[in-house]
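Visitor: Pasting the sequence and the predicted coordinates here, then a few questions.
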Amino acid sequence: MSPTTLPAGPEHGHVTFLGAGPGDPGLLTLRAVEALASADVLVAEHEVLDVVRTHARQGVSVVHTDAGPSSDAVQGTGTPQLKVVDSTSATVGAPAVRDAAHLVMEAARGGRRVVRAVSGDPGLDTDAAAEMLACAAAGVPFEVVPGIASAVGVPAYAGVPLRDAEGTDVRFVDARTASDRCWTEVGASDGTVVVSTTLDSVAATAGELVTAGRKPDTPMTVTVGGTTTRQRTWTATLGTVAQTLKQAKVLPSPDGGRPVIAVVGERSAAAARRDQLSWFESKPLFGWKVLVPRTKEQAASLSDQLRSYGAVPHEVPTIAVEPPRTPQQMERAVKGLVTGRYEWIAFTSVNAVKAVREKFEEYGLDARAFAGIKVAAVGEQTAKALIAFGVKPDLVPSGEQSAAGLLEDWPPYDPVFDPIDRVFLPRADIATETLVAGLIELGWEVDDVTAYRTVRASPPPAETREAIKGGGFDAVLFTSSSTVRNLVGIAGKPHNVTVIACIGPATAKTAEEHGLRVDVMAPEPSVLRLAEALADFGLKRRAAALEAGDPVTRPSERRPGARRRRSTT
């Protein structure tokens, strides 16, 4: 039995102190995911809540350790409800950490499993250490799941190696708690120093090191938002870092209290070779905010691919799905599945699977009703939806994931081998006739049934509409002509600095008819190839900026109203 599944005591429960890493959700360990999946209560710092909450089970009680005193910090179904006790509501003179420890132990009562998540690694968190001691004193069993420390993970993402071939000494300093003796020791050393500090304290930190004996020309890198798509890194020296941040218009700043990781060292290879080692910030779409006019479910694989290129996908549904106006046709078809009317059923979308599944549940049926019926599916997500329903597709296009691709692999009707010549095709009310015509040509009879209607979605929030029209998005991916028409209809026309990417000529034509300049077009009608084409565009744009000696910026960082030259991509 693994440590994260040890039985909790009936009275004291069990606490797992978990390191959530420096910010990238992908850096959670396997043990961390396992612990989160079995937690009854999740006590998390606000900055790591989104990182860990995804892996928590449904119904877990979530406690924000830094919520306001009047906030009801618990969400979910856990009982009794817990309220956060923080420094603003604590007894005068009582340390805030004691309140956090009390909160954790209170959550563990009644045999509940508690995960206490902190940023970075709990072994380097003094508050977490104090909470562990409190648990030990109270007899509450606990364990520690290490995480990647920010002081190690952030430099790795910034392309800043901490040691060289000569085995440079590395020291870690938290500038917020460092003593004069600590500064003196690192000042006397010629090794690499990794300093945890804040943006508005970077210059003071550099001054402390110079006063302690480090030379003003010692290389220094400063990284903010490390391991996230907000990451930015500047290279300077101890003597010039203040001016560098000022010229970059980073300081003065209202968010100058943001945590940063600074790496300092005479022999550090970071300053000289960061252009070669900066793998994360040099991703082709790094930091690009890309609008995907689809629901989260529809855009899952596309959004994952965009993230792999460094982008921040933002899904905006442009259509809504509603039941057919007259359900009788769908009801007859579903009953026909049970009575053996069909040889095949073909699903061309996740929505079609959902519509049939809901009708099955309405009649008390399950996946066993598909016994003896061959099932076809277009697209990876459609196939996954069927498998989740308990149905493994018999036919998925081997090539292009479209109606045309399905027809390429669909067998012609053969009266010798096919006892039934009829196909059930549940789909949208606005679907094209390509698949129907192709199946008829292959000798099949088709029941083309409206399983659901697609209507224009409600407008997105005002903030999103303003970002679309005001140039807040770096790119928009249009996957069909209807997405162009619907997005413009519900949210307005994208700003002219926004890169417009279209899945094919027909979609591009519709975009141009709406006054949009098309920058990117997929080489073939595939959403994944569309994302690849956008990444290639971003890579060429980055290379051109570097070759010209210009800073690498995102399209949304251009001067508002600036005209873009037409791309030949």
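Guide: Looks like it came in fine. Residues are numbered from 1 along each chain as shown.

Visitor: Regarding Leu133, which helix or strand does it belong to?
Guide: helix 126-138 (DSSP states H and E).

Visitor: Give me the pLDDT for Ser481.
Guide: pLDDT recorded at Ser481 is 87.

Visitor: Contacts only, for the residue lying closest to it once chain neighbours are set aside.
Guide: Of all residues not flanking Ser481 in the chain, Thr510 sits nearest, at 3.9 Å (C-beta to C-beta, 6 or more residues apart in numbering). Just so you know, the C-beta spots here come from the backbone N, C-alpha and C atoms, and that holds for glycine as well. By C-beta atoms under 8 Å, 6 or more residues apart in numbering, the residues touching Thr510 are Phe478, Ser481, Val484, Arg485.

Visitor: going on from the helix holding Leu133, what's the next piece of helix or strand?
Guide: Assigned by DSSP H and E, the successor of helix 126-138 is strand 142-145.

Visitor: What about the nearest residue to Val518 once chain neighbours are set aside, how many residues nearby?
Guide: Residue nearest to Val518 in three dimensions, not counting chain neighbours: Ala508, with 4.6 Å by C-beta to C-beta, 6+ apart. As a burial measure, Ala508 scores 21 neighbours (other C-beta atoms under 10 Å).

Visitor: and Ala508, what is it in contact with?
Guide: Contacts of Ala508 (C-beta under 8 Å, 6+ apart): Cys502, Val518, Met521.

Visitor: can you put the contacts of Thr510 in CSV and add secondary structure and neighbour count?
Guide: Output for the contacts of Thr510, formatted as CSV (DSSP: H, G, I helix; E, B strand; the rest coil; neighbours: other C-beta atoms under 10 Å):
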residue, secondary structure, neighbour count
Phe478, strand, 30
Ser481, helix, 19
Val484, helix, 28
Arg485, helix, 17
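
Visitor: quick one: which two of these are the most distant?
Guide: Phe478 and Arg485 (9.8 Å; C-beta to C-beta).

Visitor: my read: Pro487 touches Pro293, true?
Guide: That one is not Pro; residue 487 is Leu. Yes: using C-beta atoms under 8 Å, Leu487 is in contact with Pro293, at 5.0 Å.

Visitor: any weak-confidence spans in the stretch 101-250 of the chain?
Guide: Within the stretch 101-250 of the chain, the stretches with pLDDT under 70 are 167.

Visitor: cool, and the chain?
Guide: In the chain, residues with pLDDT under 70: 1-11, 64-99, 167, 266-272, 296-298, 559-569.

Visitor: Next one: Thr450 from Gly213, what distance?
Guide: Distance of Thr450 to Gly213, computed by C-beta to C-beta, to the nearest Å: 78 Å.

Visitor: Mind checking which of the two has more residues around it?
Guide: Thr450 (19 against 14).

Visitor: What values do phi and psi take at that one?
Guide: In terms of degrees, to the nearest 10, the main-chain angles of Thr450 are phi -70, psi 110.

Visitor: what pairs with it across the strands?
Guide: Arg427 (DSSP bridges).

Visitor: roughly how far apart are it and Ala522?
Guide: 29 Å.

Visitor: Also Phe280?
Guide: 26 Å.

Visitor: Which one's more surrounded, these two?
Guide: Neighbour comparison, Phe280 and Ala522: the larger count goes to Ala522, with 23 against 20 (by other C-beta under 10 Å).

Visitor: Please name the nearest non-neighbouring residue to the more buried one.
Guide: Leu530 (4.0 Å).

Visitor: any idea which helix is longest in the protein?
Guide: helix 527-547 (DSSP state H).
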